[in-house]
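Engineer: next comes the sequence, and after it the predicted model I'd like to discuss.
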Amino acid sequence: MDMDQEDYLVERGAWAGRDVGEATVDGARGFGDGLKMFARIVNRIAALLVVAAMVWNVRAEGAFSFDSTPGKLAKDIVPRHYEIRLQPDLESFTTKGTETVEIEVLKPTDEIVLNVLDMRVKRATIFKPDEIALRPHQDAQEQTLRLKLPEKLEPGKYRLVFEFEGRMSEQAQGLFYARYSAPSGKKIMLATQMEPTDARRMFPCWDEPAFRATYDLTVVVPEKHLAVSNMPIERERALGNGLKEVKFGRTPPMASYLVVLVSGELEALEGQAEGVRIRVITTEGRKEQGRYALDATKKLLTYYNRYFGIKYPLPKLDQIAIPGGFSGAMENWGGLTYNESVLLFDPRTSSFQTKQQIFVTVAHEMSHQWFGDLVTTAWWDDLWLNEGFATWMETKATDHFNSDWQMWLNASSEKTTVMQYDARSTTHSIQVPVGSESEASDSFDEITYQKGGAILRMLEDYLGPEVFRRGIHRYLSAHAYSNTMTADLWEALEKESGKPVGAIASGWTEQPGLPLVTVKADCDNGRQVVSLRQKRFTAQYPDAEALEWEVPIALMDAAHPAAPTHFLLEGKRGSVTLPDCQGVIKANAGDTGYYRVAYEPTLFARLQKFLGGLPVADQLNLLNDGWAMVEANHAPATNYFSLVELLRRAKNYFIWDQIITTLYLIDGLEQGQPGRAGLQEYAHALLRPQLERLGWAAKDGESPNDALLRGRVIGALGQFGDKQVIAEARARFEGFLANRETLSGDMRPVVLEIAGRYSDRKVYEQIHALARDAQGTEERQMYYRALCAALDPDLARQTLALSLTDEMVPQEATDVVVKVASDGEHADLAWDFAREHIKELLAKVDTFDRNNYVPSIVTSFSDATRADELEAYVKTNVSDDALAKATETAEEIRFRAALKRRSLPEIDAWVASHPTGGANVH
Ligand SMILES: [Zn+2]
């Protein structure tokens, strides 16, 4: 260290504790802990008025009102209650259904329009109270059922009765079936996935989230099935023909996309917390693997009851594992569904990553039980309210119970990914108009989740965690069993905090993109003047609209990290005058903000000296910003690599994760280029000391993140062709074949991936046999992933062909093409294959994922002609609906092509002059 510790304490006190009158802030407003530091606000009134006007324009949206909520269905008829009886046939995959809907007519009308899709409505009748038969007109394109009335319906309550026949598919949309293997043989089970717009495939309904209604569901299923829905079973009776009728209790008023039905030969692990019955429901023989999720659920239920200040409102909570098929997880109220791989944990064979993923996913879906289910976003244009919140909350809750996992660093890594995307021309604002079913599906993207989550984190940091929590409580209490828009959340937070939350936050949710804050520090008569400027941060987007934000800035002294000082940057410029020139300013302290920072060169040079002593979050922030400046062409790649060199001895997983991710990106650009070998040598030199430190075997008492880092480093060395690592992984794979106990759950994925990547035919067949025999989803996906990584083109062709067979469930089969392109580095082969078999492949893809599918195959190209090819292809061969996603990926390819042209020569030259590295700072 350069500075004497005792001297520092005096200086530090002077900087942080000055009384009013000693420091000044221009164009910035102080708040929070740092308020004392800011003596005087020099109000440039004219400038502030301009900013206020701009923010006012941005903030167009008001509070929730049912009548003005967007949607296709008229608001003059509302469903109040559904009584549905469904009989699925597991041989023909059809369903027979009857349904009574109690509706309320609010304005006189002569027609009733609701949603149906992929079903035949055989009979429709209205009771007013006399029975009148209606002619159903179905429109497949509009996904509606139109019922013309012989005479006008006056306002009042009526009953509608339907008889219908639906069908089930293996795609996870509406009611679907999943095939799987169990110890007693091949099985089929039923499950549902409704969000966003697929409840209409299971029963006729007002399938828009603002139409809340209560549901009574009755199903007829095989007697040996366990049937699960939102509410507990009210009554069950045998029908005598191997079938039984199960009637579930009535739900509270809720959105149709939250209805759930799961039925199969299932078993349950039971527990309870806070007076709520909790079950983890699995296929035969697996319930013990639900133990970890059950414990997590108990803890989280208590935590959320306290955090939200509202008790979980249903009598039971079921966590349901679906084998294969269905991907991810879904927050159906009271009956949450998960792909088995993110719910089941086998201590003998599962990895730490799986354990972490389970906790995070359970935390995410459970937070939706309040934020999403009890209070529901009115329309898909505000989807971020649900998903941004759950993304932020999953981190907060997981961190609360597992502080050694360093989940906020994980959130920082996710944030930097969405910031990369947000800098490009294809980005969009968090709140975005949604007019069609296809646009509703498209809105489930990283802007909605990750940017939404990052903005909430910044706001929580700005308002303080307890004020923020009280605001959330106020919002949920005010809108329980109802719907909301973004403005409703801002209003609750404003009331609780007394701060203009809406004016600050709307700039982040209603404008696309993010700011770049440039920081400069000058010493003027013994005082340090920190000047800040903001402009929009873009990468390869020269004609971007100029935008401004109200940026909550957290400043710290890098020389002596302590609690940061906050203030709000309003308008283009602001400055802070500090009482002395000692501090070395770092912005975005703790990496809680959603903005990039560029430092003026002298300050950047000073900052680098203190890099090793900074908290990991700030080191990571500097690395991420450093690489972002390269992507945006604001700084040479050598700036980034100089930071990497300074962090060579870092031990934190997330630092190395950032470096390895960047090296992978560059390595992808180097495919087929002369500089690749040099880059890979450099990567070996960087990573080998880490492997030497960590070894191949887990150490007693090591942190969970050391276990993660070990896998990450070995995987990267394997990927970069380190011969020793490849040989060791192969030997361990051989050992594993002889005795499964020789590889821990943590080491399995990494050893398999390396063995798969460099496999010859023999090894390939061995892995394939393991894949076919695998019973659990985590295991099966690991083996298939290893097959997809094969570099040998003949093996890659063989893997691609698997996608057309019945060997895998459709979602995993189609994913093979994507992974052969990325992990196997065979984008050309995969793209040719996909074009040749596009019809068969698209037929297997869920509607929800359809627009993303073709783009995801070509996303690893870095040749601009491929971008044009993709756009032209999707237009002619997929659909216009899919164009928006294709354009995003095309832009990503063009961006990489430009980065490759611009940065590779520079990176190659730098790598050539730094074969084994430079200065070491820990
Ligand atoms: Zn979610």
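Structural biologist: Done, it's in. Numbering: from 1, shown residues only.

Engineer: quick one, what contacts the residue nearest to residue 846 when sequence neighbours are not counted?
Structural biologist: Once flanking residues are discounted, residue 846 sits nearest to residue 171: 4.5 Å by CB to CB, 6 or more residues apart in numbering. All C-beta spots, glycine's among them, are computed from the backbone N, C-alpha and C. Residue 171 sits next to 810-811, 844-847 when contact means CB atoms under 8 Å, 6 or more residues apart in numbering.

Engineer: closest one to the ion out of the residues you listed, please.
Structural biologist: Distance ranking of the contacts of residue 171 against the ion, using CB to the ion, places residue 846 first at 16.5 Å.

Engineer: and the helices in the stretch 801-922 of the chain?
Structural biologist: Along the stretch 801-922 of the chain, the segments classed as helices by DSSP state H, counting those that start in this stretch run 810-822, 827-836, 838-844, 847-858, 864-877, 883-913.

Engineer: of all these, which lies closest to residue 800?
Structural biologist: helix 827-836 (4.6 Å; CB to CB).

Engineer: mind listing what's buried in the closest one?
Structural biologist: For helix 827-836, burial by neighbour count (16 or more other CB atoms under 10 Å) applies to 827, 829-831, 833-834.

Engineer: the residue of the stretch 501-650 of the chain found nearest the ion: what's its closest spatial neighbour, skipping adjacent residues?
Structural biologist: Of all residues in the stretch 501-650 of the chain, the one sitting closest to the ion is residue 509 (17.1 Å; CB to the ion). Of all residues not flanking residue 509 in the chain, residue 430 sits nearest, at 4.2 Å (CB to CB, 6+ apart).

Engineer: look up phi and psi at the one you found.
Structural biologist: Main-chain torsions, residue 430, degrees, to the nearest 10: phi -60, psi -50.

Engineer: so what's the residue count around it?
Structural biologist: Residues within reach of residue 430, counting by other CB atoms under 10 Å, total 26.

Engineer: that one reaches residue 452, doesn't it?
Structural biologist: Yes: between residue 430 and residue 452 there is a contact under CB atoms under 8 Å: 5.6 Å.

Engineer: any common contacting residues for the two?
Structural biologist: In terms of CB under 8 Å, 6+ apart, residue 430 and residue 452 are both contacted by the residues 384, 388, 509.

Engineer: let me know the secondary structure of residue 541.
Structural biologist: Following DSSP: H, G, I helix; E, B strand; the rest coil, the label given to residue 541 is coil.

Engineer: how about it: what's its closest non-neighbour residue?
Structural biologist: Residue nearest to residue 541 in three dimensions, not counting chain neighbours: residue 425, with 4.4 Å by CB to CB, 6+ apart.

Engineer: also residue 671?
Structural biologist: Distances taken as CB to CB, 6+ apart place residue 825 nearest to residue 671, at 6.3 Å, with adjacent residues excluded.

Engineer: check residue 463 too.
Structural biologist: residue 497 (4.8 Å).

Engineer: mind listing what the one you found touches?
Structural biologist: Residue 497 neighbours (CB under 8 Å, 6+ apart): 463-464, 467-468, 471.

Engineer: how close does it get to the ion?
Structural biologist: Note on residue 497: its distance to the ion, by CB to the ion, to the nearest Å, is 26 Å.

Engineer: how far does stretch 125-134 sit from the chain's center?
Structural biologist: 46 Å (CA atoms, centre = their mean, to the nearest Å).

Engineer: identify each buried residue in that stretch, please.
Structural biologist: Neighbour-count burial for stretch 125-134 [16+ other CB under 10 Å]: 126, 128, 134.

Engineer: can you check stretch 478-495 too?
Structural biologist: Buried, per 16+ other CB under 10 Å, within stretch 478-495: 479, 482-494.

Engineer: ends of that stretch, how far apart?
Structural biologist: 12 Å (CA to CA, to the nearest Å).

Engineer: could you do stretch 870-885 as well?
Structural biologist: End-to-end distance for stretch 870-885: 10 Å, by CA to CA.

Engineer: list the buried residues of that stretch.
Structural biologist: 870-871, 873-874, 878, 881-882, 884-885.

Engineer: what of stretch 270-280?
Structural biologist: Residues 273, 276, 278-280 are the ones in stretch 270-280 that count as buried (16+ other CB under 10 Å).

Engineer: that older thread, export the contacts of residue 171 to TSV and tack on neighbour count and distance to residue 619?
Structural biologist: TSV is the format used below for those (neighbours: other CB atoms under 10 Å; distance: CB to CB, whole Å):
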residue	neighbour count	distance to residue 619
810	21	43
811	20	38
844	20	44
845	19	41
846	22	40
847	19	43
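
Engineer: out of these, which is nearest to residue 437?
Structural biologist: The closest of these to residue 437 turns out to be residue 847 (CB to CB; 8.1 Å).

Engineer: what's near enough to touch the residue of the chain found nearest the ion?
Structural biologist: Nearest residue of the chain to the ion: residue 390, at 4.2 Å (CB to the ion). Neighbouring residues of residue 390 by CB under 8 Å, 6+ apart: 331, 364-365, 367-368, 371-372, 453.

Engineer: now with 10 Å?
Structural biologist: Contacts for residue 390 (CB atoms under 10 Å, 6 or more residues apart in numbering) come out as 331, 363-368, 370-372, 397, 449, 452-453.

Engineer: with residue 791 instead?
Structural biologist: 721, 756-759, 823-826 are the contacts of residue 791 under CB under 10 Å, 6+ apart.

Engineer: hmm, 7 Å instead?
Structural biologist: By CB atoms under 7 Å, 6 or more residues apart in numbering, residue 791 lies in contact with 757-758, 824-825.

Engineer: want to try a markdown table for those residues, with pLDDT as columns?
Structural biologist: Listed next are the contacts of residue 791 as a markdown table, based on pLDDT from 0 to 100:
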| residue | pLDDT |
| --- | --- |
| 757 | 98 |
| 758 | 98 |
| 824 | 96 |
| 825 | 96 |
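
Engineer: neighbour-wise, which one of those residues leads?
Structural biologist: Highest neighbour count within these: residue 824, with 24 neighbours (other CB under 10 Å).
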